[in-house]
Every structure is written in C-alpha cells, then in structure tokens.
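Asks: Okay, predicted coordinates and the sequence, questions at the end:
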Amino acid sequence: MYEMDRHFENIIQLLFTLYKYTDELMFFKKYKFYNKYLLIINKFISLLNHFKLFRMTITITPTQILKVLHVVSWIIFIGLCVNAGGFLFNSLFALYYNPMAANNFWQGIDLSSLYDFDKGFFLIITLYMFIVGTLKAVLFYLIVKLIHDKNLNLNQPFNNKMTRFVANGAYLSLGISFFSKWGADTLKWLIGKGVQLPAIQDLNLGGADVWFFMGFIFWVLKQLFKRGETIQTENDLTI
C-alpha cells in the first residue's frame with residue numbers, strides 16, 4: 001500500500017484555499033496571473049479525487065512470481081540447448097566435413113590451433129564443452145518441469161518431488177563442476193604445449209569452483225528438505 005505524502009496533499013489544499021480567497025488578498029490582486037495556476041491546481045485536485053489516485057495498491061502474488069520464473073527458465077533452457085547443440089554440430093562438422101569450421105567454431109571461437117595440434121584433443125575439448133552445456137540445460141529443464149507440473153507448493157514445500165529436485169540439482173551441479181575442472185585442466189596443459197586457445201570462460205568451461213559450491217548448497221538443502229518432509233508427514237499424521 002502506497003499513499004501520497006500527506007504534506008504534499010496539505011500544500012495542494014492550502015493553495016486551493018488561497019485561490020478561493022484571492023479577491024481578499026492584495027498580493028494576488030496585483031499579480032492576476034497566479035489565478036490561472038491556482039485554477040489548474042484546483043482541477044488537478046478534483047481529477048485526483050475523482051480517480052482516487054491518492055491511494056494506490058500494488059500487489060504481487062506468488063502465482064505471478066512463479067509465472068515470471070517459468071518464462072525466464074524457459075528462455076534460459078532454450079538458450080542452453082542451442083548452445084550445447086552448437087558445440088556438438090560444429091564439432092562433427094569440423095571433424096568429418098570441413099576442417100575450416102574450426103576457425104569460427106561457435107560464436108566466434110577460434111579452435112583452429114587446437115585442431116591443427118591434434119584432432120583427438122580437439123574432440124576431447126569440444127566433448128567437455130558439450131557435456132557441460134548439456135548438464136546446464138538439463139538443470140534448467142528440471143526447473144521448468146518443476147514449475148510447469150506445479151510441484152512447487154509454497155504452502156507445503158517439503159514434499160518428495162521437491163526433495164528429488166534438490167537432489168538432482170546437487171548431482172548436476174557437481175557434474176558440471178567436475179567436467180569444467182577437467183576441461184580447464186586439459187586446456188592449461190595444451191596452452192603449456194604452445195597451443196593458442198581462447199579463454200576458459202569463452203569455451204563454457206569456467207566457474208568450476210562456483211558450480212561445486214552450488215552443488216554443496218543443493219546437497220545441504222537436500223538434507224533440510226528430507227528432514228522437513230519427515231516432520232511434515234508426522235504432523236499430517238498427527239492431525
């Protein structure tokens with residue numbers, strides 16, 4: 001609930017009162033042009049009172065928040081699917097059809113030096129990129145599915161489906177962390193061999209420590225949800 005500041009309202013009402021008694025004020029008799037502005041203020045007050053704009057109510061329900069989260073999750077999920085598909089397609093295209101595709105692998109990434117160094121390592125790095133991208137897409141697919149199936153019950157959040165979602169989130173986050181770490185270590189070894197490679201973040205292999213921390217948080221939440229589910233079941237049986 002938002003209200004227009006009462007001090008401002010009092011000032012407006014005072015100006016309107018002054019307008020009604022302008023004939024009795026010598027100052028306003030000397031400066032007649034003030035009448036025009038006071039008349040505008042009067043009309044403005046009448047308009048506000050007519051539409052009741054002094055009081056505005058803005059409410060955001062949990063259902064609206066979930067709808068927005070659903071749309072955002074869909075957008076991210078589609079983007080991650082396109083990204084992972086781009087890694088896979090361009091890898092196969094460069095290996096079996098046109099090696100020049102490594103020059104502009106995906107989104108401007110140049111892997112021609114890696115391709116010329118060794119096709120096997122080219123396949124390994126692109127495979128790491130594809131696996132990490134796929135795991136991220138699966139994670140957001142679970143979020144989309146959770147909201148779409150209406151398994152996220154804010155009144156009873158501790159249920160078997162939520163516990164399973166948090167557990168899957170932990171496994172996926174740890175998987176992303178491990179594959180990102182292995183891919184980053186392989187890239188560092190290749191750079192030590194003189195291979196010119198883009199930044200780790202550009203290859204979708206950065207942030208292994210962040211994903212590990214997220215997996216740890218999911219694991220802790222799993223224990224909490226599991227305990228909460230047990231307590232909630234006991235309370236339902238008691239009632």
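Replies: Ah, there it is. Numbering: from 1, shown residues only.

Asks: Helices of this structure, start to end?
Replies: Ranges of helices in the chain, per DSSP state H, are 6-20, 26-30, 33-51, 62-96, 112-117, 119-148, 160-192, 208-238.

Asks: between these, which gets the lowest average pLDDT?
Replies: For the helices of the chain, the bottom mean pLDDT is recorded on helix 26-30, which sits at a mean of 46.

Asks: a markdown table for the helices of the chain, including distance to Asn104?
Replies: Every C-beta, even on glycine, is put in place using the N, C-alpha and C of the backbone. Below are these laid out as a markdown table (distance: least, Cβ to Cβ, whole Å):
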| stretch | distance to Asn104 |
| --- | --- |
| helix 6-20 | 60 |
| helix 26-30 | 75 |
| helix 33-51 | 58 |
| helix 62-96 | 9 |
| helix 112-117 | 9 |
| helix 119-148 | 14 |
| helix 160-192 | 19 |
| helix 208-238 | 26 |
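
Asks: Tell me which of those lies nearest to Trp106.
Replies: helix 62-96 (4.7 Å; Cβ to Cβ).

Asks: May I see the buried residues of that closest one?
Replies: Buried residues in helix 62-96, defined by neighbour count with 16 or more other Cβ atoms under 10 Å: 70, 73-74, 76-77, 80-81, 83-84, 86-88, 90-91, 94-95.

Asks: And the helices of the chain: which comes nearest Asn103?
Replies: Of these, nearest to Asn103 by Cβ to Cβ is helix 112-117, at 4.7 Å.

Asks: Just list the residues touching His148, thanks.
Replies: Taking Cβ atoms under 8 Å, 6 or more residues apart in numbering as the criterion, His148 is in contact with His70.

Asks: Equivalent analysis for Val195, please.
Replies: Counting by Cβ under 8 Å, 6+ apart, Val195 touches Ser113, Leu114, Phe117.

Asks: run the last query once more with 10 Å
Replies: Leu111, Ser113, Leu114, Tyr115, Asp116, Phe117, Asp118, Phe121, Phe122, Ile125, Leu187, Trp189 (Cβ atoms under 10 Å, 6 or more residues apart in numbering).

Asks: Isn't the third one up against Trp189?
Replies: Put plainly, it is Leu114. No. In terms of Cβ atoms under 10 Å, Leu114 does not count as a neighbour of Trp189; the distance is 11.9 Å.

Asks: intersection of neighbour lists for these two?
Replies: Taking Cβ under 10 Å, 6+ apart as the criterion, Leu114 and Trp189 both touch Phe121, Val195.

Asks: Which one's more surrounded, those two?
Replies: Leu114 (24 against 11; other Cβ atoms under 10 Å).

Asks: leaving aside the residues next to it on the chain, what's closest to that one?
Replies: Distance criterion Cβ to Cβ, 6 or more residues apart in numbering; nearest residue to Leu114, sequence neighbours excluded, is Phe122 at 5.0 Å.

Asks: and the one you found, how many neighbours does it have?
Replies: When neighbours are defined as other Cβ under 10 Å, Phe122 has 24 of them.

Asks: Touching, Phe165 and Val144? I think so.
Replies: No. Using Cβ under 10 Å, Phe165 is not in contact with Val144; the gap is 11.3 Å.

Asks: if we can go back for a sec, Gln201 is nearest to which of the helices of the chain?
Replies: That would be helix 160-192 among the helices of the chain, by Cβ to Cβ, at 9.9 Å.

Asks: so the closest one versus helix 208-238, what angle?
Replies: Orientation of helix 160-192 against helix 208-238 (axes from the mean of the first three to the mean of the last three Cα atoms, to 10 degrees) gives an angle of 170 degrees.

Asks: which secondary structure elements does helix 160-192 contact?
Replies: helix 112-117, helix 119-148, helix 208-238 (3 or more Cβ pairs under 10 Å, 6 or more residues apart in numbering; DSSP states H and E).
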